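> for reference, the sequence and a predicted model appear below.
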Amino acid sequence: MNQNIGILEATYYLPPTRKTLAQVFEDEEKSTETFAANVDFEKDIGIDALHVAKNETAADLCINAARRTMEKSGIDPKEIDLIIDFTSIPEDYVAPTWSAAGQVQKAIGATRAFTTAINTGGCASYQTTLKVACSLMSANDRYNTALLVAGDKTPEFNDNYFPITVVSDGGSAVLLRKNMNKRRILGIEVATVGRLHDMWVIPGIHNRKSKDIGGKYPRWLHVCGDVQRFNKELIPINLFMFRKVIQAVLKQVGKKMQDVSYFVYPTFSAWDLKAFSTAFNIPPEKMSGEGMHHGHLQETDMVVGYVDALEAGRIKDGDLVLLATNGAGFSWGASLVQN
Amino acid sequence: MTAAVGILAASCHLPRHKRSVEDLFREEGANFTADVAARLGIEQVPIQNGDASETASNMAVAASREALQNAKIDPLTVDVVVEYSIMPQEYLVPVWNMSNKVQAETGASKSFVVGFSGGGSSNFMVALTSAAAMLSKNDSMKTALLVTGDTTIPGNRVLNPDDPVTVIGDGASAVVLQRDAPNGILIDTELWSEGNNHDVCYIPGGSLMHPDDITLYRMRLDKARYDAFPKAKTLRLMSDRLLERARTTLSDVASVLCANISAADEVAIQEAFEGKVAPVCTSNRQSHGHLLGTDFPLNYLSLMESGSIKEGDHVLIVSHGMGTTAAVSLLRC
């Protein structure tokens, strides 16, 4: 598909304030639903503390990550042709009318860029956005450099995503460029199961209930997951869908599972990481997981897992890296990067 | 673009019920003078009546089904559903997006979905050019379903009531795109954003900044900055760049389609484009008001039905996106 489009630079930003998991569970409402997996959600999750943005806005998290990435890359912001926001939770203002992409453009001085945002895929918005960005760059001679940005600030008292994970605040930015001979994106595969569209939603202020007005919890801004459907409809197909996108992306580029040197996977929970690695027979040293100490960072997990592994030397030149995730909606995505 | 991608079919699904602009002004406490009426040039707009069939996503599903039927496309062969709505949806975007529901209810179960935010009516061109790029550059993809459904926030149909800019109606539309389509070929698109204007037109309340202030849950326009943005001039400059790339000129363009914002807006675009704005834009604006991204499929269908376009004619589609994202697409019919 692409003209040697690769990752020129990638970075993430985490706000310095941390909150312990014990404090999160004390502050927030507890679900009365039961989770089908045989685990203790609070004890077995494998995450100790979360990053919490205080006065920083969600757009600030995007901008901080974008600035770090620009600094590391050394490129002039005026070289950027596209800015795509791939944030997957509510932003500062209501979407789809608004996205942070324009604010990022203004903040970093990317005056030549065209800006937009991709608002589907949940955590898999990373893969969906890669697919769109690489297609736009391949199809248009004038799009040579793209900046993908995300900034997630969790609405107050909604860090607990029972039964999946606990979520942290943070931002990430990825610079894509044509004609790269390193960190080339070989293929991207995305799949969606639309019938699960209303299993995981945030109601919005237009659906708020009168009993919630003036209360402690802004419930209309909190995720509402249907745990019964989650147990019955999502869990049985989750690994099947992962296998589908992984096999499809490997087939796309003529590679096999054994060719993959390193796997980047989201930091939902210790048991989820174990289930994935067991299902695909991946040894721990070939899989991201150190990011667990940050908590789950939505779509930014893909960037954290990749950047941490690069910086720790776990990914070497020439390695084939597979990044796979699922996301609300429900979507699954897999991409292959030749380092 | 390498492989040609074109429009196979399009469809609009609008509420049956219409409200007069005069009524809406009265309801929203805005002053409907003769001068305002002349500047807007909108007589009535379609408004959902509260029926479940007229929610944004249900209208989007209906438009999608009709577009697929018109294109004679089996939903199972759709590779991607691309969504371009602008107004808030049934649940909060981006955690929820109607494209997933459209995928499920049209039976496009082998597709994946993608939706775009920001950019006002230009979101349609963003969706169009992104879908065309995916179809032309991914061997495994051939057919895309583009879809939107927009319903206004009640009491927020007159944009900027103190100095009205447009009156927004409800509606949905869908477009089927295919690689190697015989006509309706998307030749190229020019997109441009002004980051300083990211908050010229937005909804301030209901998300992280003002989570519990329902009075701010309204689409607001910063009229001074909106007026300061050289909308028609920018669109003409962008069109000239695009036409030059396509090795053609405005004189070779048969018609220009713009968004149905107001008579004043259309006059400015008409001047910039040397009188080439199609008359269907005027009639659709008068009878439907501004339907956001749906303006373009509506005007495109009307233009095709008007008999004024023949095979091979070039059509420009232009949108200033309220000063945030401007877009111009060139089609060969």
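Perfect, thanks for sending it. Numbers count the residues shown, from 1 in each chain, chains lettered A, B, ... in the order given.
> secondary structure class for the residue sitting nearest the centre point of chain B?
Central residue of chain B (CA atoms, centre = their mean): B:Gly293, 1.4 Å from the mean position. Secondary structure, DSSP: H, G, I helix; E, B strand; the rest coil: B:Gly293 is helix.
> state the distance from it to B:Pro230.
With distances taken as CB to CB, to the nearest Å, B:Gly293 is found 23 Å from B:Pro230. In short, each C-beta sits where N, CA and C put it, glycine included.
> can you name the helix or strand that B:Phe236 falls in?
I think there's a mix-up here, since residue B:236 is Arg and not Phe. Assessed by DSSP states H and E, B:Arg236 sits inside helix B:231-245.
> need the CA coordinates for that helix. PDB is fine.
Extracted as PDB, the C-alpha positions of helix B:231-245 are listed here (Å, rounded to 0.1, in the frame of the first residue of the first chain):
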ATOM      1  CA  LYS B 231     -14.300  32.400   2.800                       C
ATOM      2  CA  ALA B 232     -15.100  32.800  -0.800                       C
ATOM      3  CA  LYS B 233     -11.600  34.100  -1.700                       C
ATOM      4  CA  THR B 234     -10.000  31.100   0.100                       C
ATOM      5  CA  LEU B 235     -12.200  28.700  -1.800                       C
ATOM      6  CA  ARG B 236     -11.400  30.200  -5.100                       C
ATOM      7  CA  LEU B 237      -7.600  30.100  -4.400                       C
ATOM      8  CA  MET B 238      -7.900  26.500  -3.400                       C
ATOM      9  CA  SER B 239      -9.900  25.700  -6.400                       C
ATOM     10  CA  ASP B 240      -7.400  27.300  -8.700                       C
ATOM     11  CA  ARG B 241      -4.600  25.200  -7.200                       C
ATOM     12  CA  LEU B 242      -6.700  22.100  -7.500                       C
ATOM     13  CA  LEU B 243      -7.700  22.800 -11.100                       C
ATOM     14  CA  GLU B 244      -4.100  23.600 -12.000                       C
ATOM     15  CA  ARG B 245      -3.000  20.200 -10.700                       C
END
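> is it fair to say A:Ala324 lies in a helix?
No - membership of A:Ala324 in a helix is not supported by three-state DSSP, which gives strand.
> just checking, it touches A:Arg243?
No - using CB atoms under 8 Å, A:Ala324 is not in contact with A:Arg243, being 10.0 Å away.
> in stretch A:106-123, which residues are buried?
Buried residues in stretch A:106-123, counting neighbours by 16 or more other CB atoms under 10 Å in any protein chain shown, are found at A:106-108, A:110, A:112-123.
> out of the residues you listed, which are close to chain B?
Within the set of the buried residues of stretch A:106-123, contact with chain B (CB under 8 Å from any CB of the partner chain) is found for A:106-107, A:110, A:113-122.
> counting only helices, which of those residues make the cut?
Counting by DSSP state H, those place A:Lys106, A:Ala107 in helices.
> let's have the ones next to chain B among the buried residues of stretch A:106-123 in CSV, adding distance to B:Asn100 and pLDDT.
Output for these, formatted as CSV (distance: CB to CB, whole Å; pLDDT from 0 to 100):
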residue, distance to B:Asn100, pLDDT
A:Lys106, 31, 98
A:Ala107, 31, 98
A:Ala110, 31, 98
A:Ala113, 29, 97
A:Phe114, 26, 97
A:Thr115, 24, 98
A:Thr116, 19, 98
A:Ala117, 17, 98
A:Ile118, 14, 98
A:Asn119, 11, 96
A:Thr120, 7, 96
A:Gly121, 10, 94
A:Gly122, 10, 94
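> which among the ones next to chain B among the buried residues of stretch A:106-123 gets closest to B:Gln89?
Nearest to B:Gln89 among those: A:Asn119, at 9.6 Å, using CB to CB.
> contacting residues around the residue lying closest to that closest one once chain neighbours are set aside?
Among residues not flanking A:Asn119 along the chain, B:Pro94 sits closest, at 3.5 Å (CB to CB, 6 or more residues apart in numbering or on different chains). Shown in contact with B:Pro94 (CB atoms under 8 Å, 6 or more residues apart in numbering or on different chains): A:87-91, A:95-96, A:117, A:119-120, A:125, B:115, B:117.
> where in the stretch 151-300 of chain A is pLDDT low?
Of all residues in the stretch 151-300 of chain A, those with pLDDT under 70 make up the ranges A:290-291.
> contact residues of it facing chain B?
Selection of the stretch 151-300 of chain A residues close to chain B by CB under 8 Å from any CB yields A:153, A:155-156, A:190-198, A:200-207, A:213, A:218, A:221, A:223, A:252.
> rewinding a little: CA atoms only for the helix or strand just after the helix holding B:Arg236, dumped as PDB, please.
Going down the chain from helix B:231-245, the next helix or strand is strand B:253-258, by DSSP H and E. Provided in PDB are the C-alpha atoms of strand B:253-258 (Å, rounded to 0.1, in the frame of the first residue of the first chain):
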ATOM      1  CA  VAL B 253     -16.100  23.400 -14.900                       C
ATOM      2  CA  ALA B 254     -19.800  22.900 -15.700                       C
ATOM      3  CA  SER B 255     -21.100  23.700 -12.200                       C
ATOM      4  CA  VAL B 256     -20.100  24.500  -8.600                       C
ATOM      5  CA  LEU B 257     -21.900  23.100  -5.600                       C
ATOM      6  CA  CYS B 258     -21.700  24.900  -2.300                       C
END
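> cheers, nothing more for now.
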